[in-house]
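Peer 1: Need the 3D shape of this:
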Amino acid sequence: AATRIDLLRVSAARGADRLALAGPATVTLEGGGARIDDLTIAAGGGRVTVAGKAGRDNDLTIGIRALPLALARIAAPGLALSGTLDGEAAIRGPTDRPQGHYALTVARLVTPETRKAGLPPIEARASGDLGDGRIGLDGRITAGPGVAMTLSGSLPAAAGGSLAVKARGTLDAA
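Peer 2: Next comes the predicted model:
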C-alpha cells in the first residue's frame, strides 16, 4: 500500500537565511522507495527542484539554479561562504550501482580564508558521468588571472575506493 504525503508548507531559517517550499509538493512512499512530484525549494534568490523516484531503484532529476552558498549557515552557522551554485544531475538505477550524469558550477565563491589571503572570487565547474562505481570528473577552477587549474579523472562512488585524478594548471605563488 502506498502512503501519500502532501507537503504544503515547509521551511527552515536561521537569521536572514531561509529555505521554503515554493509550492505544494507530493511524496508517495511505496515499495521501499519514494516518488517525488513537484518539489521545488526556494532558497534566497535560488531554487532547487527534485523529481522522480528514490529508493532501491532510482530515477531522479535534480536542478539547482542560483542557490546562494551563504545558506550553508543554516546547517553550520560558522560557515561564512558567499557565491552561488548552479547545477543539474540525473541519477538512475539501483542504489548500489547508480548511473547518470551531473554538471555543477560555482560562481563568485568567497570564504573568510580566501578573503584574508587576498584571492579574487573563485569560479569552478565540474561535470561527469556516474557508473561502474565511479564518478567521472572534468573540471576547471579559476581565481582571477593567477589561478587556473583543470581536473580530470574519476572518484570512487563509495567510501574506500581509489582516486584517479589528474590536476594541471598554474598558480601564482605570490
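
Peer 1: show me where this structure has helices.
Peer 2: 112-116 (DSSP state H).

Peer 1: Parallel or antiparallel, list what pairs with the helix or strand bottoming out on mean pLDDT in it.
Peer 2: Lowest on mean pLDDT, DSSP states H and E among the helices and strands of the chain sits strand 11-14, with a mean of 77. Within its sheet, and counting by DSSP bridges, strand 11-14 is paired with strand 17-21 (antiparallel).

Peer 1: List the buried residues in the least confident helix or strand of the chain.
Peer 2: For strand 11-14, the neighbour count (16 or more other Cβ atoms under 10 Å) marks no residue as buried. Placement of C-beta: from N, CA and C, glycine included.

Peer 1: Identify the residues contacting that strand?
Peer 2: Strand 11-14 has contacts (Cβ atoms under 8 Å, 6 or more residues apart in numbering) with 18-21, 73-74, 77.

Peer 1: Now with 10 Å, please.
Peer 2: For strand 11-14, the external contacting residues (Cβ atoms under 10 Å, 6 or more residues apart in numbering) are 18-21, 41-43, 71, 73-77.

Peer 1: Most neighbours of all these, which one?
Peer 2: With neighbours taken as other Cβ atoms under 10 Å, the top of those is Ala43, carrying 22 neighbours.

Peer 1: so how far is the least confident helix or strand of the chain from its chain's centroid?
Peer 2: 19 Å (Cα atoms, centre = their mean, to the nearest Å).

Peer 1: Thanks a lot, see you next time.
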